[in-house]
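K.L.:
Provided below for reference: sequence and predicted model.
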Amino acid sequence: MTRDKNKTGGKKKAGPVTAAEAIAQLAQDPEFQRAEAERDAQLQARVRKWRRTEEPIVEDLHRVGVDVETAWDLVRTSEPYPAALPILMHHLELGGYPDRVLEGMARALAVSPAHVYWERLRDLYLRAEGRDEEEGLAAALTASAGSEHLDELLALLRDDSRGDSRIHLLEAVLRVGGKRGREVVESLRSDPLLGREASALTRRSTAQGAAAPAGGVAG
């Protein structure tokens, strides 16, 4: 008589490997560990290089009482830093820094008080060569735009040379553009590049409008 292997301790069919099991396996793989160590070492080397090249920026920030180790520290703080803005703008226009450093300065300028530099940020955006710098400048333009910049924002949206970094600008168009801005964003919902974000922003704006309390207080 044949025995039922499932009842007598025969090997069970292996199931799919869980994420925890896969991680445990990789932790025992010397080749994977060597590759990870090499990647970490390369990243640390890049970070050290960025910090060295950023020293003139950090020194200028220290002189005006802004105590940071990198411009990225400003991106991560909720405290205002008005004294830092002209220094960041100066070094951005000076250029010559690694792409990641340029991005950090640009993202630190993604605050509403930087609206006084909006045209200068736009000019830098139009000639940005690095992907990170371009993304950072698009974020800065978005955060610092006012209603007076709507026509220029729309011109930037039409500039195909700026690629998908223009996705950031949709938020500014919707925020400062009133009815016209909303119509523009809605019209881009089928755009192959901008459509997904345009649709998401339109839905969010509609939901917020529906949730807003009616004006007026009964007396």
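P.N.:
Perfect, thanks for sending it.
K.L.:
next helix or strand past the worst-scoring helix or strand of the chain on mean pLDDT?
P.N.:
Sorted by mean pLDDT, DSSP states H and E, the helices and strands of the chain end with helix 30-53, the least confident at a mean of 67. Proceeding C-terminally, helix 30-53 gives way to helix 55-63 as the next helix or strand, assigned by DSSP states H and E.
K.L.:
From the contact counts, what lies against that next one?
P.N.:
For helix 55-63, the elements it packs on are helix 85-94, judged by 3 or more CB pairs under 8 Å, 6 or more residues apart in numbering; DSSP states H and E. (C-beta placed from N, C-alpha, C; glycine too.)
K.L.:
Other residues contacting the helix or strand just after the helix it packs on?
P.N.:
With elements assigned by DSSP H and E, the helix or strand that comes after helix 85-94 is helix 99-108. Helix 99-108 is contacted by residues 46, 50, 53-54, 57, 70-72, 74-75, 81, 84, 88, 91-92, 95, 97, 121, 124, 128, 130-133, 135-137, 139-140 when judged by CB atoms under 8 Å, 6 or more residues apart in numbering.
K.L.:
one more time with 6 Å
P.N.:
50, 53-54, 71-72, 74-75, 88, 92, 130, 132-133, 136-137, 139-140 (CB atoms under 6 Å, 6 or more residues apart in numbering).
K.L.:
what does stretch 147-162 give?
P.N.:
Taking CB under 6 Å, 6+ apart as the rule, stretch 147-162 contacts 118, 166, 169, 172-173, 176-177.
K.L.:
Tell me which entries of those lie within helices.
P.N.:
Among those, the members falling in helices are 118, 169, 172-173, 176 (criterion: DSSP state H).
K.L.:
quick one: which two of the residues you listed are the most distant?
P.N.:
Checking those against each other with CB to CB, the farthest-apart pair comes out as 118 and 173, at 14.0 Å.
K.L.:
what about the two, which has more around it?
P.N.:
Neighbours of residue 118 and residue 173, each counted by other CB atoms under 10 Å, are more numerous for residue 173; the result is 25 against 19.
K.L.:
Can you tell me the element residue 205 falls in?
P.N.:
Element membership for residue 205 (DSSP H and E) is helix 195-211.
K.L.:
coming back round to it: redo the ones in helices among the contacts of stretch 147-162 as TSV? Include pLDDT and distance to residue 64.
P.N.:
Listed next are those as TSV, based on pLDDT from 0 to 100; distance: CB to CB, whole Å:
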residue	pLDDT	distance to residue 64
118	98	22
169	98	30
172	97	28
173	97	34
176	97	30
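K.L.:
Quick one: these as a markdown table, columns for distance to residue 101 too.
P.N.:
Supplementary listing: the ones in helices among the contacts of stretch 147-162 in a markdown table, determined by distance: CB to CB, whole Å:
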| residue | distance to residue 101 |
| --- | --- |
| 118 | 22 |
| 169 | 23 |
| 172 | 24 |
| 173 | 29 |
| 176 | 29 |
